Structure formats: C-alpha cells, structure tokens
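>>> Prediction below, plus the sequence it came from.
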Amino acid sequence: MMWQIRFALEYLQKNVKLNLAEHIRGDAIKVELHDGAEVIAIISASYKITRELVAQYHADFPSMSFLCGYRKECIWEGGAITYAQENQIGWGNAGSLSDAVESGDFMNAEHKLYFFSYRLIRQMSSITNLDREYDRVFTMSLRNGKSYRVGMIMEYEPTADAIRTFWDQFGSIDVAWNINPNGSPTQQAINAGQELGCKVVKWEELKQLMRNR
Amino acid sequence: MFGSSLIGVGRDFDILIIGPSGSALSQLKLEIRAAGSMLPLDVLYMLPEEAEETNFLERKKCISFEKLCRLNNKT
C-alpha cells in the first residue's frame, strides 16, 4: 500500500467522523460515512492529474465519488477538472476529501485551496470568458476587450522563489494573484514579478485591474 | 521546521529553507523533491532578506534541524 493511502486512512480514521475507512484495491479506498452510506475515493500519488488519468480511474472504479491528488505538489489540468465535474466526481486535495467525508457531499466537492477564489472570479460580471487551464491557472477575457492569464498563488506570504517557480512551471502569466487573504507577498516577490513581467497582486488590486478601461 | 507537525499533529512536515537563489538552490530543490516522493513535505524557500522582512522564523517559531536532532538524540 502506498504511503499516501496509509496516511489518508490514518488521518480519516483519527480526525473525521465516519464508521469505516479501508483500502480496497489499487489506489481506491472505501469509506462508510457516519450515516451508513458507502463511497469510493481514489487516493492518487500522481504529480499531475490529467483528463486521461481521471478517465482511467473512472473506468476502473465506475462508482467512484472522489479523486484525491494527495501530494502537496499535485497539479490538476483543466481537462481533468472538467471531466470530474461532468461525471459528478468530487476532486481536490486531502483537505477536500476530509471535508467531503465530513459533509457527505462528494459531488460538489472541489479543491479547497482554490474553491473560494475561483468562485469569486466566476461571479465577476466584468468577465466575459473564463478558461481554466490548471487548478491554479486561468485566462480571463474582460468586457473591455482585454485578456489576462492569471496564476493563483496560495502561499501565505509568496516569496520571490514562489513566483519564479510558478512561472517556470506554468509558463508566463500576466498576473500572480495571491489568494491567501491573510498574508501579503514579500517585496522581493513583487520585484521578481516585475522582472518577469507580471503583476503580483492581492484581490483589491485584481478587482481594480478588471475595472480598468 | 515549523508548523503543526512539530507538535505531532497535521498531515505535512513544514520546512523552511533560507538561502540565495542560484544553482545550489536548484540542486537542493531536486533533492528535496526526491525526498518528498516518500514523505508529505511542504517546503517554503525564502531569500535571507525575505526571512528578515517577514520575521518568519520568530513568528512561526521555527526550529532548526540541528536543534531538532540534538533534542531527538537526548530523548
């Protein structure tokens, strides 16, 4: 059994109200919720979740309710997110799985790190089109005709390294949006963004950018 | 190290690495990534100026590996 599955089972058994959590086969676990309902969740050790990978898991476990990218570094491609949502499969990290087990709502479960920020973006009337390339990267087309490729940076205090690593990993972005409401980017992170050619912003600055004509 | 794993709770081991950027950092990242394939590591890299600007060490009550090893050897 992979360590990710062992860790996930131990965490769920110790910290979440449920009747049973056990490994069944491959990357799959079965969870009996506190109300007696049984669900199958997949614990993936992949660094990248692609549409093909979700489809493969779905073929292997047609009744799966949730796919968990357990690694901290795990990246979800936009196509994988679309596939999961179209097939009523919850998706996200270990925290999202715990929340889903707690609430019993798997169908609407989403990666909790990006859920609130992306929902905020979806609600903006100034955006005419949204294309989610990765869990943390989207391109927004605005009513004013401008278009921005935005990276959601979830670190509490993004550092210069966080901005540079993001850029190296996902390619050029116009905006690095620090989505953690509690911290602020360091001055070196802002400088690194300027050197690369992207703005490092908090929500208020991003809103202002969307309002500009 | 910092964070909840220091007191035996939480899912991840939070590690802060402070140092200049460059090839040594790139090499270190590769090694940390290799270690992270077997452990749930959450690694934050900071420049020395950033560590100072954010007062991270003090705020997060970070403990150096050296000190942790000494403590572990004592127990």
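Arrived safely.

>>> Can you name the residue of chain A nearest chain B?
Nearest to chain B, among the residues of chain A, is residue A:161, at 4.1 Å (Cβ to the nearest Cβ). Yep, even glycine has a C-beta here, placed from its N, CA and C like the rest.

>>> Assign that residue to helix, strand or coil.
helix (DSSP: H, G, I helix; E, B strand; the rest coil).

>>> cool, and residue A:24?
Following three-state DSSP, the label given to residue A:24 is strand.

>>> Please report how far it lies from residue A:178.
Using Cβ to Cβ, to the nearest Å, residue A:24 is found at 40 Å from residue A:178.

>>> Residues in contact with the helix or strand of chain B with the lowest mean pLDDT: which ones?
For chain B, using mean pLDDT, DSSP states H and E, the weakest element among its helices and strands is helix B:65-74, scoring a mean of 83. If you take Cβ atoms under 8 Å, 6 or more residues apart in numbering or on different chains as the criterion, helix B:65-74 is touched by residue B:1.

>>> ok, and the closest non-adjacent residue to residue B:45?
Spatial nearest neighbour of residue B:45, excluding adjacent residues (Cβ to Cβ, 6 or more residues apart in numbering or on different chains): residue A:161 at 4.1 Å.

>>> what's near enough to touch that neighbour?
B:21, B:25, B:45, B:46, B:47.

>>> Dump those residues to JSON lines, plus distance to residue A:81 and pLDDT.
Listed next are these as JSON lines, based on distance: Cβ to Cβ, whole Å; pLDDT from 0 to 100:
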{"residue": "B:21", "distance to residue A:81": "32", "pLDDT": "86"}
{"residue": "B:25", "distance to residue A:81": "31", "pLDDT": "88"}
{"residue": "B:45", "distance to residue A:81": "28", "pLDDT": "92"}
{"residue": "B:46", "distance to residue A:81": "31", "pLDDT": "93"}
{"residue": "B:47", "distance to residue A:81": "33", "pLDDT": "93"}
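
>>> between those, which is nearest chain A?
residue B:45 (4.1 Å).

>>> Helix, strand or coil: sort out that closest one for me.
Applying three-state DSSP: residue B:45 is strand.

>>> where along the chain do the strands fall?
Since you didn't name a chain, this refers to chain A. Secondary structure of chain A (DSSP state E): strands at A:18-25, A:28-33, A:38-44, A:48-49, A:64-69, A:75-76, A:90-92, A:127-134, A:137-142, A:147-153, A:175-178, A:199-201.

>>> I was thinking of chain B, sorry if that wasn't clear
Counting by DSSP E, the strands of chain B are B:13-18, B:41-46.

>>> if we can go back for a sec, quick one: the residue of chain A closest to chain B from residue A:155, how far?
10 Å.
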